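Colleague: Structure for this input, please:
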Amino acid sequence: DLQNVSQYWTWTGFLRSRLLHNMSSNPHHEPTTTSVHTDKRFIHKTILITGAGGQFGRVGALYFALRGAKVVLLDLNNDALLDTLNYVKRQVGKEQKLERERAQELREVQYRMLSEKLEENRRSRKNVDIKCSSTDALLDTMTSTMSFMGNELSDKLKRTKLAMEAGVEQSMACAADTSENFQSKFKCAPIEEDPVFWKEHPGALWNKAKEYIVALQCDVTDEYAVKECLDNAKAQFGSIDLLWNNAGYQGAIKQTLEYDPVDFGKVMQINVTGMFIVLQAAARHMATQSKSLRQKTGRNGKFSIVNTASVAGLRGTPAMVAYSSSKAAVLAMTVSTSKDLAPYGIRVNAVSPALIGPGYMWTRQNELHASSGSPYFNSDPNEVARNKVNSVPMKRLGSVDEVIQTVAFLLSEESSYTTGSNLVVDGGMSAGLKA
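Modeller: Residues are numbered from 1 along each chain as shown. Next up, the predicted model:
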């Protein structure tokens, strides 16, 4: 008889998926993070995130961790880095608890519905003569038993006949007995004891393993420090698949005649040289992995790099000469490296956000623009903010989540034929045909 739990879960897997689909319209059972546990783009991928202590880095780290990635956080600010690490662990822990509770509740409802249908069928078929030890009778009975799920299940059971024949006659005395005694032989097993469930949910949200994220203090302008950090990440997680090259420094907001060359050099050192050092170090690991894979399979690996640029690099924002220059350089770097790295299966793209808020950075930038003395900005920070939003065709600010989702698209295989491109996230502010 059916005494093996693994066999039970395999046998009812299709039924469970149908029940889950039918019940998903019930608000009581619909998970609040549906996109999290259906998004499998980053499962088993290792992603490096520089500038992880900032707002983009923190939200992005949680986004990828919840979707099954192994996350390596890099930042020079150790306190901010640890804040991100602890934030991600707390949030993932909360989601794990909530989702397991929801899944267990749904499992119990599924089992109760299945038991009720089996009992109903047993009563209606108690006078039917069934030949025990007959595979055909067994399949007929199972098909009839599950008829409430429709012809799709019936067809599936019939297709499994050949695979089941060897074991069915030995493991079941007869189908009628299976239906009659089903409830007494099975209990609703907890999530942790269901091997099929864990196979279907391998991401960080469900993973029993604790090591899915690591934080490494790192100065992106130090070539040797970057190499050491990436070597450590590769040793811990086994590969480096994705890079979000996100570290940056805004620099002063002053007009050109007043701008300090020392600060200009600092901006360029972090935003351009630092970005290149990290990109090169990560690409070297990716190229080595791709070469190894090509020797084994004849195919390159699939790797992706996203550089954080800015609309300032496209428009030349007033009173931000250093920052605008650095982001223009990032865009050129993205195009050039995308061509050099394409033969290794490494895609390189950029994302250019603008007017993302609300939040501290949005408010502070408006204050600095207002105090810059530039004729392009009002002296009232609130008026500066209003004017900026009015310049956006969509008449609103963008959110951090909208930037992260764009980065995720470029890092994923959904953009597998996209390289050397720059995706602008600015509500249409910089849209237009360029000469």
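
Colleague: from here on, contacts and neighbour counts on C-alpha atoms
Modeller: OK.

Colleague: The stretch 201-350 of the chain: strands as residue ranges?
Modeller: Counting by DSSP state E, counting those that start in this stretch, the stretch 201-350 of the chain forms strands over residues 213-217, 242-245, 303-308, 346-353, given from the N-terminal end onward.

Colleague: Tell me which of those strands lies nearest to G60.
Modeller: When the strands of the stretch 201-350 of the chain are compared for distance to G60 using Cα to Cα, the nearest one is strand 242-245, at 9.2 Å.

Colleague: Pull up the pairing partners for the closest one, direction included.
Modeller: Using DSSP bridges, the strands paired with strand 242-245 in its sheet are strand 46-50 (parallel), strand 303-308 (parallel).

Colleague: Ok, which of these comes nearest I356?
Modeller: With Cα to Cα as the measure, strand 303-308 is the member of the strands paired with strand 242-245 nearest I356 (13.5 Å).

Colleague: how about the helices of the stretch 301-435 of the chain, start to end?
Modeller: Taking DSSP state H, counting those that start in this stretch as the criterion, the stretch 301-435 of the chain carries its helices at 312-315, 321-341, 360-370, 381-390, 400-411.

Colleague: In this structure G428 contacts K395, no?
Modeller: No - because the distance of 9.6 Å does not satisfy Cα atoms under 8 Å, G428 is recorded as not touching K395.

Colleague: what about the helices in the stretch 1-150 of the chain?
Modeller: 5-11, 13-23, 34-38, 55-66, 78-124, 135-145.

Colleague: thinking again about what came up before, will you turn the strands paired with strand 242-245 into JSON lines that also has distance to E101, mean pLDDT and mean neighbour count?
Modeller: Formatted as JSON lines, the strands paired with strand 242-245 follow (distance: least, Cα to Cα, whole Å; pLDDT from 0 to 100; neighbours: other Cα atoms under 10 Å):
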{"stretch": "strand 46-50", "distance to E101": "28", "mean pLDDT": "98", "mean neighbour count": "26"}
{"stretch": "strand 303-308", "distance to E101": "35", "mean pLDDT": "98", "mean neighbour count": "26"}
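
Colleague: Nearest to C218, out of the ones you listed?
Modeller: With distances scored as Cα to Cα, the stretch of these nearest to C218 is strand 46-50 (8.7 Å).

Colleague: List the contacts of that closest one.
Modeller: Contact partners of strand 46-50, identified using Cα atoms under 8 Å, 6 or more residues apart in numbering, comprise 57, 61, 69-75, 237, 239-247.

Colleague: count of residues packed around S421?
Modeller: Other residues within reach of S421 by the criterion other Cα atoms under 10 Å amount to 17.

Colleague: Tell me how far it lies from D260.
Modeller: Distance, S421 to D260, by Cα to Cα, to the nearest Å: 32 Å.

Colleague: Could you do A80 as well?
Modeller: In this structure, A80 and D260 are 27 Å apart, going by Cα to Cα.

Colleague: Ok, A225 next?
Modeller: A225 is 28 Å from D260, where distance means Cα to Cα.

Colleague: pLDDT below threshold where in the stretch 151-300 of the chain?
Modeller: Within the stretch 151-300 of the chain, the stretches with pLDDT under 70 are 151-210.

Colleague: hang on, the earlier thing: just the buried ones from the contacts of strand 46-50?
Modeller: Members of the contacts of strand 46-50 that pass the buried threshold by neighbour count (16 or more other Cα atoms under 10 Å) are listed as 57, 61, 69-75, 237, 239-247.

Colleague: And for stretch 257-276, what's in contact with it?
Modeller: The contact list for stretch 257-276 (Cα under 8 Å, 6+ apart) reads 220-222, 245-252, 307, 322-323, 325-327, 329-330, 333.

Colleague: end to end, how far does it reach?
Modeller: 29 Å.

Colleague: do stretch 304-318 as well
Modeller: First residue to last in stretch 304-318 (Cα to Cα) measures 32 Å.

Colleague: before we move on, back to that, taking the helices of the stretch 301-435 of the chain together, which one is wrapped up most tightly?
Modeller: Burial among the helices of the stretch 301-435 of the chain, expressed as mean neighbours by mean count of other Cα atoms under 10 Å, is greatest for helix 321-341, which shows a mean of 21.

Colleague: neighbouring contacts of that one?
Modeller: Applying Cα under 8 Å, 6+ apart, the set of residues contacting helix 321-341 from outside is 249-251, 255-256, 263-264, 267-268, 271-272, 275-276, 283, 307-310, 312-317, 346-350, 419-422.

Colleague: If anything else comes up later, I'll come back, but that's it for now.
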